[in-house]
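Trainee: Can you look at this prediction? I've put the sequence above it.
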Amino acid sequence: MTVNPLEIVRTCVSINISKELNIDPSIVKGAFTVPREEYGDLTIVSSKLLGGDRYINRVVRAVENCDYISRVDVVGMYVNMWFNRPRYTELVLNSVIVNGAEYGVYRDVKKRIVVEYVSANPVHPLHIGAARNAAIGSFIANINRAVGNDVQTRFYINDVGRQVAILVLGIKQLRSAEPPEGIKPDHWIGLVYAITNTIVEALSLRRKLELEGSDERKREIQRELDSLLVDAARLREQAPDIFDAILGGLRGLDIESEISKIMKGYEMGEEEISKQARNAVSLCIEGLNQTLKRFKAEIDVWDWESDLVWSGEVDRIVEELRKASSEYKGTLAVNFKQILEIEGIRDRLRIPRNLEIPPLVLLRSNGTSLYTVRDIAYSIKKFREYNADRVINVIASEQTLPQAQLRLALYTLGYHREAENLVHYSYEIVNVEGTKMSSRRGRIVTLDSVLEEAKVRSLAELEKRGAKSEEMAEIIGVAAVRFYLLSVTPSRPVKFSWDSVLNFERNSAPYLLYTFARTEGVFRKARELGIDLSWSKILEKADLHFAQNNLRRWRLVKMISEYPDVFYRSYTELDPSIMTTYMIRLADEFNSWYNEEPIVLEANESLRNSKLITTYAVNQILRSAFRILGIEALERL
RNA sequence: GGGCCCGUAGCUCAGCUAGGAUAGAGCGCCGGCCUCCUAAGCCGGUGGUCAGGGGUUCAAAUCCCCUCGGGCCCGCCA
């Protein structure tokens, strides 16, 4: 277990105060705040303690008993504390050296965790929104592994339903389902799907227009149709042959009944349809997998939704839910009214207090199943197959309601443990400025294109400094995109813009990689000069007073000591942005210091040793954080 | 109509869960710094009615209520 230097001081202070005032140490812990620099290193807001600031002098006396505190000062209600710098420096640097890359990494009681993420519809390439999911999901997997949990990542292939049926309908109109030479398979599938869908929607709107009586409605439909035709024209320009083939084939067909036939046929496992659908979806998945690998978002298990239907697992769920269902809008649905009346159920299942839960419809009138119902079977499977303590679904916030229904349905079926440990990790979507993304119309910013641009940009930068390398450009490009998507708090929407994703200055992964490479450069130089970098030996001969009268050095020591807190918060809140924000601050502090004074070239040996260890600490923290964020560290750049 | 998320500098974002001292970064803009361990860097300057109003409090960007603005959900779609 790695030590948390800051926590050691906080504990020391709070125990002393709690003894003096005879209060619980946790009350003292709630009174800490980090003051502005001129007011010290740590502050107790005395009015937050029991009895307000009446006992402030006793608080001061108590704090003075703590060895890590060298000076205490009272300003109003604030008890400002200055750390004993040499002692604290020793504590921090020693902790870094003893733990190395494990410094600051929290160790949790081992749990088994399934992370389901991405699970994008297998009918188009990944867009930048799915990329946020991929970045966050892989972060969740990485940080859980780092703390010692067993983690399995899964991708749910949603191949049952209308979208795949439309794709199959389109492919049927073509001579060959194989992608043409030189086009990535998911891009090919995305094109066929978008063309087919746009044509299907346009033809359906046209029919609606003919049947509509009201002029106002007519104008509305016409507007919708016009926008659809703009997309159609663009798609036709991209691939005229394919477009015309599909359009020609669909004309005169009763499209809705064709789609319904495919959906039914696929759910029943009809050979011809199943073969076509599996082929097409496999092509898409092949492409998605390529992109995810490139993006450092690995998937351990790929689950086919259709397998759940074919195996009868979905049927069994439907049968069991029937008992809990009643008549609703002419069909059968599960009503959660009774369950929701159980005391504290919303808290236990983490369902928003005021969220209204409509009944969950069991089956379509044509007998086919519905997504949320199939997902019940899938949730049970995830718990069962991995013997999981916890299943985390990384899914955009727009699915809050179906995810809540899912937990309630599990509870209804008696899967109480599963319902309570199924977590909907909700995040906000990515908005692309100017346009509205629509994969149904083939109007998306693909992750592939973003990664490609980032790579081109990285290559150009590398070329400037005479270090042109495709491999390095690839690593830097991926890092830049991942970091960009991870640095916004997940509960807030990301505004995507090419300018910010390709900005490689200050608040970016390239900046951090550069800082890391600088630390490596320091070690290279040291070895060149024949300095032995055995860290514990260096620590023995280090000057622990080196931050005593030097603010920059002291700030760095303190910042290094914050990493365990940052890691812990990032883990418990599963929030990568806590870590990214810290990394930037650490790099800023290091770079300012680096610019100000020599490290290896320091003439005084013990002083040089302290500086080397400080550099090593920054190096280790960045390395550790990179690993969690799925960024590959580069020794030079 | 009901619910959820969001509104902080011209732009992109921290800070809000657990209220504390003068609200922080980056980009942009202006001016400096490469005989020295990597200039994707460093230093200085510029820039804010924390959407608005009310309340709670010794203390509110942070908690509560209302209003305004943006996004999403309320489907026999996923």
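Mentor: Good, I have the coordinates. Numbering: from 1, shown residues only, chains lettered A, B, ... in the order given.

Trainee: Helix or strand next in line after the helix or strand where A:Ala245 lies, which one?
Mentor: Assigned by DSSP states H and E, A:Ala245 belongs to helix A:240-250. Downstream of helix A:240-250, the next assigned helix or strand under DSSP H and E is helix A:255-267.

Trainee: so for that following helix, what's the average pLDDT?
Mentor: In this model, helix A:255-267 has an average pLDDT of 93.

Trainee: quick check: mean pLDDT across stretch A:476-491?
Mentor: Rounded to a whole number, the mean pLDDT of stretch A:476-491 is 94.

Trainee: and that stretch, which residues are buried?
Mentor: By neighbour count on 16 or more other C-beta atoms under 10 Å, the buried set for stretch A:476-491 is A:476-490. In this view, the C-beta of every residue, glycine as well, is placed from N, C-alpha and C.

Trainee: how far away is A:Arg234 from A:Phe504?
Mentor: From A:Arg234 across to A:Phe504, the span is 32 Å (C-beta to C-beta, to the nearest Å).

Trainee: Would you mind pulling up the elements that the lengthiest helix in chain A packs against?
Mentor: In chain A, with assignment by DSSP state H, the single longest helix is helix A:185-211. On a contact count with 3 or more C-beta pairs under 8 Å, 6 or more residues apart in numbering; DSSP states H and E, helix A:185-211 meets helix A:162-172, helix A:215-238, helix A:240-250, helix A:255-267, helix A:271-294.

Trainee: thinking again about what came up before, who has more neighbours out of A:Arg234 and A:Phe504?
Mentor: The residue with more neighbours, out of A:Arg234 and A:Phe504, is A:Phe504; 19 against 14, by other C-beta atoms under 10 Å.

Trainee: and the more buried one, how far is that from A:Asp186?
Mentor: From A:Phe504 over to A:Asp186 the distance is 28 Å, taken as C-beta to C-beta.

Trainee: cool, and A:Gly76?
Mentor: Distance, A:Gly76 to A:Asp186, using C-beta to C-beta: 62 Å.

Trainee: So the two - more neighbours on which side?
Mentor: A direct count of neighbours by other C-beta under 10 Å for A:Gly76 and A:Asp186 places A:Asp186 higher, at 26 against 10.

Trainee: The more buried one is in contact with A:Ala280, isn't it?
Mentor: No - using C-beta atoms under 8 Å, A:Asp186 is not in contact with A:Ala280; the gap is 10.7 Å.

Trainee: Skipping adjacent residues, who's closest to the closest residue to RNA strand B within the stretch 451-600 of chain A in space?
Mentor: For the stretch 451-600 of chain A and RNA strand B, the shortest gap (C-beta to the nearest atom of the strand) falls at A:Gly521, measuring 2.3 Å. Among residues not flanking A:Gly521 along the chain, A:Arg636 sits closest, at 7.0 Å (C-beta to C-beta, 6 or more residues apart in numbering).

Trainee: Phi, psi for the one you found please.
Mentor: Note on A:Arg636: backbone dihedrals following degrees, to the nearest 10 are phi -140, psi 160.

Trainee: Next, count neighbours for it.
Mentor: When neighbours are defined as other C-beta under 10 Å, A:Arg636 has 13 of them.

Trainee: Surely it is in contact with A:Thr519?
Mentor: No - with contact defined as C-beta under 8 Å, A:Arg636 does not count as touching A:Thr519 (11.0 Å).

Trainee: Please tell me how far the residue most central in space within chain A sits from RNA strand B.
Mentor: The C-alpha lying nearest the average C-alpha coordinate of chain A belongs to A:Ile136 (C-alpha atoms, centre = their mean; 0.9 Å). Applying C-beta to the nearest atom of the strand, to the nearest Å, the value for A:Ile136 to RNA strand B is 13 Å.

Trainee: Which helix or strand contains that residue?
Mentor: Per DSSP H and E, A:Ile136 falls inside helix A:128-146.

Trainee: Next: A:Val72.
Mentor: Using DSSP H and E, A:Val72 falls within strand A:69-75.

Trainee: who's in contact with that strand?
Mentor: The contact list for strand A:69-75 (C-beta atoms under 8 Å, 6 or more residues apart in numbering) reads A:9, A:12-13, A:39-40, A:56, A:60, A:63-64, A:79-85.

Trainee: pLDDT of it, averaged?
Mentor: Mean pLDDT, strand A:69-75: 94.

Trainee: After that strand, heading C-terminal, what element do we hit next?
Mentor: strand A:78-83.

Trainee: Count the residues that sit near A:Arg278.
Mentor: For A:Arg278, the count of nearby residues is 18 (other C-beta under 10 Å).

Trainee: State the pLDDT value of it.
Mentor: Confidence score, pLDDT, at A:Arg278: 97.

Trainee: do A:Asn354 as well
Mentor: On pLDDT, A:Asn354 comes in at 81.

Trainee: cool, the one 4 residues further on as well?
Mentor: Taken from the predicted model, the pLDDT recorded for A:Pro358 is 91.

Trainee: shouldn't the residue nearest to the centre of chain A be in contact with A:Pro576?
Mentor: Yes - contact between A:Ile136 and A:Pro576 holds when scored by C-beta under 8 Å: they sit 6.6 Å apart.

Trainee: packing partners for the helix or strand where A:Ile17 lies?
Mentor: Assessed by DSSP H and E, A:Ile17 sits inside helix A:5-21. On a contact count with 3+ C-beta pairs under 8 Å, 6+ apart, helix A:5-21 meets helix A:25-29, strand A:32-33, strand A:42-45, helix A:56-64, strand A:69-75, helix A:85-99, helix A:551-572.
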